[in-house]
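> no sequence on this one, just coordinates:
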């Protein structure tokens, strides 16, 4: 391949593809731009590198992969997280049932990316064809930017006890935590969605929530318990969300507690709704936790003592407690009829 042909495959861009978290909260962010300043960590192709400071007290960030690779997976060029949901690629692909078809060797990867660039129907990561997976991603997605990821790195000299810069040190003076597997992350695995420790932890939490919504053995239970409702959430909003899974008999909302009970007409409808909202649901833009209801008690207890008035002390003067008066029948009091 000649030098001119190589230059044609290099990437020259005007602005990076970033998520809101990596871009930062500063509306007047300044970026430095270096054409062909670095090789992409996925495809090893030279690309335009951008570098900027997301905000005060944060660390400088830069793009790590080229735009071609970012578009291929719909991820941020810096954090390699999904642009729509802010989740790792492995979590998104597991929820939507997608497989990583991008080859890892240089020749096949270049041919695959060229074919994807020419195609008119790019890969769909929205989850329209998989409503259950899209609902799962909607529950797991972070609602707003998470600027904690932009904090400065830890100061290695502080960990050794030899940092002499004090408050002028641009790095964090904190001791590193033993995160174990989380400390072994790399961009290649994160991009391809394989062996990502962060994704494994998130999927494990999701599986625990799946086990927590197992149907109870009592077949008479056909209600779900919702927690985390806002004061603006009405019974009609809840009924409009759950009616697609089965006929809803009633919805009982307790505004003071921020909870509600959804009673289905059939057990099958309750099980379908529980399966669809594993891990929670989103009603009115608020994430709601869902659990199975409990069986109602079947009448009063037979062994409960009945209240009696025998031997009860007389009520105090002025009391409004009801009293048992004698019969008004004059013959019952021994009176003689006239």
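On my side now, so go ahead. Predicted model, so just to flag it, every value in this text is computed and none were measured.
> In stretch 257-274, which of the residues would be classed as buried?
By 16 or more other Cβ atoms under 10 Å, the buried positions in stretch 257-274 come out as 258-262, 264, 267, 269-274. The C-beta positions use only the backbone N, C-alpha and C, and glycine is treated the same way.
> meant to ask about stretch 247-259, not that
248, 251, 253, 258, 259.
> Any regions of the chain where pLDDT drops low?
Within the chain, the stretches with pLDDT under 70 are 1-8, 106, 117, 119-124, 127-129, 132, 178-183, 206-213, 278-280, 296-338.
> can you pull the buried residues of the helix or strand harbouring residue 158?
Per DSSP states H and E: residue 158 is located in helix 156-160. Neighbour counts over helix 156-160 (16+ other Cβ under 10 Å) mark residue 158 as buried.
> all numbers from here: first residue = 611
Sure, I'll start counting at 611 from here, so that last one is helix 766-770.
> Which strands and helices lie in contact with the following helix or strand past that helix?
Reading on from helix 766-770 to the C-terminus, the next helix or strand found by DSSP H and E is helix 797-802. Here helix 797-802 touches helix 699-706, going by 3 or more Cβ pairs under 8 Å, 6 or more residues apart in numbering; DSSP states H and E.
> what's near enough to touch the closest residue to residue 831 other than its chain neighbours?
Excluding its sequence neighbours, the residue lying closest to residue 831 (Cβ to Cβ, 6 or more residues apart in numbering) is residue 905, at 5.4 Å. Residue 905 is in contact with 828, 830, 831, counting by Cβ atoms under 8 Å, 6 or more residues apart in numbering.
> Considering those, which is situated nearest to residue 690?
residue 831 (43.5 Å; Cβ to Cβ).
> doesn't residue 903 make contact with that closest one?
Yes - applying Cβ atoms under 8 Å, one finds residue 831 in contact with residue 903, separated by 5.9 Å.
> gap between residue 707 and residue 884?
Here the criterion is Cβ to Cβ, to the nearest Å. By it, residue 707 lies 21 Å from residue 884.
> Same check on residue 766?
From residue 766 to residue 884 the distance is 49 Å (Cβ to Cβ).
> Same check on residue 622?
On the measure of Cβ to Cβ, residue 622 and residue 884 end up 52 Å apart.
> How about residue 735?
Relative to residue 884, and taking Cβ to Cβ, residue 735 is found at 27 Å.
> Could I get the full set of helices for the stretch 711-860 of the chain?
716-728, 741-750, 766-770, 797-802, 807-822, 845-852 (DSSP state H, counting those that start in this stretch).
> neighbouring contacts of the third one?
Counting by Cβ under 8 Å, 6+ apart, helix 766-770 makes contact with 773, 774, 779, 781, 782, 783, 784, 785, 786, all of which sit outside it.
> now the first one
When contacts are taken as Cβ under 8 Å, 6+ apart, the neighbours of helix 716-728 outside the stretch itself are 619, 653, 654, 678, 679, 682, 711, 712, 713, 732, 733.
> Report the distance from it to the chain centre.
Taking Cα atoms, centre = their mean, to the nearest Å, one finds the center of helix 716-728 at 33 Å from the center of the full chain.
> Please apply the same query to the last one.
Here helix 845-852 is found 21 Å from its chain centre; the criterion is Cα atoms, centre = their mean.
> Quick one: list the elements packing against that helix.
strand 858-864, strand 869-874, strand 891-893.
> For those strands, give me JSON lines that also has distance to residue 647.
Shown next, in JSON lines, are those (distance: least, Cβ to Cβ, whole Å):
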{"stretch": "strand 858-864", "distance to residue 647": "57"}
{"stretch": "strand 869-874", "distance to residue 647": "55"}
{"stretch": "strand 891-893", "distance to residue 647": "41"}
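> and residue 667, which of those strands is closest to it?
Nearest to residue 667, of the helices and strands packed on helix 845-852 and by Cβ to Cβ, is strand 891-893 at 32.2 Å.
> Pull out the buried residues from that closest one.
Buried-residue list, strand 891-893, by 16+ other Cβ under 10 Å: 891, 893.
> Residue 783: what's it in contact with?
Taking Cβ under 8 Å, 6+ apart as the definition, contacts of residue 783 comprise 765, 768, 773.
> what residues are up against the closest residue to the first one other than its chain neighbours?
Pointing back at residue 765 there. The spatially closest residue to residue 765, leaving aside those adjacent along the chain, is residue 781, at 3.7 Å (Cβ to Cβ, 6+ apart). The contact partners of residue 781, taken as Cβ under 8 Å, 6+ apart, are 762, 763, 764, 765, 766, 768.
> What separation do you get for the third one and residue 688?
Residue 764 sits 19 Å away from residue 688, taking Cβ to Cβ as the criterion.
> between those two, who's got more neighbours?
residue 688 (24 against 15; other Cβ atoms under 10 Å).
> I figured that one was touching residue 677, is that so?
No - counting by Cβ under 8 Å, residue 688 does not reach residue 677; the two are 11.9 Å apart.
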